[in-house]
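Student: Structure here, sequence nowhere to be found:
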């Protein structure tokens, strides 16, 4: 049985989730084959508005590399010995975490700016707090895209 968002009820059941037609509005982007089928639009003109290399990777290579390291370290902490994946039930409080990382980051930046704690350890901690905040912001945005735009569930997401 096909749901209105392009996925079958059986698909959602295999993920251990309710059918996405219930509760969350599904918005179809212009040029998309059907809501939920693909992350990017299928229309070639629309696809050019998503410059993933030139507008993301080339803008933020060091930041994205550090965020990927946070994914690795988080997986080692929360899912030791398992392949890299986002265990979503283990991280649901993105807003609170973003603010806690922001508080810690601002305190570390103030220490560095004042000359107190201006050392490699403090600077590394500052960069890690910024990366953790970015990871949480990306996780929240991905989940919002899935819930409100009908984007497909991220390939590395697990609901265990």
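Tutor: Good, I have the coordinates. These numbers come from a predicted model, not from an experiment.
Student: For residue 134, pull up the helix or strand it's in.
Tutor: Assessed by DSSP states H and E, residue 134 sits inside helix 120-144.
Student: roughly how far out does that helix sit from the chain middle?
Tutor: 11 Å (CA atoms, centre = their mean, to the nearest Å).
Student: Stretch 133-148 too?
Tutor: How far stretch 133-148 lies from its chain's middle: 4 Å, per CA atoms, centre = their mean.
Student: what residues does it touch?
Tutor: If you take CB atoms under 8 Å, 6 or more residues apart in numbering as the criterion, stretch 133-148 is touched by 20, 24-27, 63, 66-67, 70-71, 74, 86, 88, 91, 94-95, 97-98, 101-102, 105, 151-154, 157. C-beta: built from backbone N, CA, C; applies to glycine.
Student: contacting residues around stretch 62-81?
Tutor: 56-57, 82, 84-87, 90-91, 127-128, 130-132, 134-135, 138.
Student: Could you check how far the residue most central in space within the chain is from residue 58?
Tutor: For the chain, the residue nearest the mean C-alpha position is residue 139 (2.6 Å; CA atoms, centre = their mean). Applying CB to CB, to the nearest Å, the value for residue 139 to residue 58 is 23 Å.
Student: about what we covered before: could you list which of the contacts of stretch 133-148 belong to helices?
Tutor: Among the contacts of stretch 133-148, the members found in helices (DSSP state H) are 63, 66-67, 70-71, 74, 94-95, 97-98, 101-102, 105.
Student: Narrow those residues to those that are buried.
Tutor: 66-67, 70-71, 74, 94, 97-98, 101, 105 (16 or more other CB atoms under 10 Å).
Student: mind putting those in CSV, pLDDT and distance to residue 46 included?
Tutor: Output for these, formatted as CSV (pLDDT from 0 to 100; distance: CB to CB, whole Å):
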residue, pLDDT, distance to residue 46
66, 98, 31
67, 98, 26
70, 97, 31
71, 97, 28
74, 95, 33
94, 97, 28
97, 97, 33
98, 98, 30
101, 98, 34
105, 97, 36
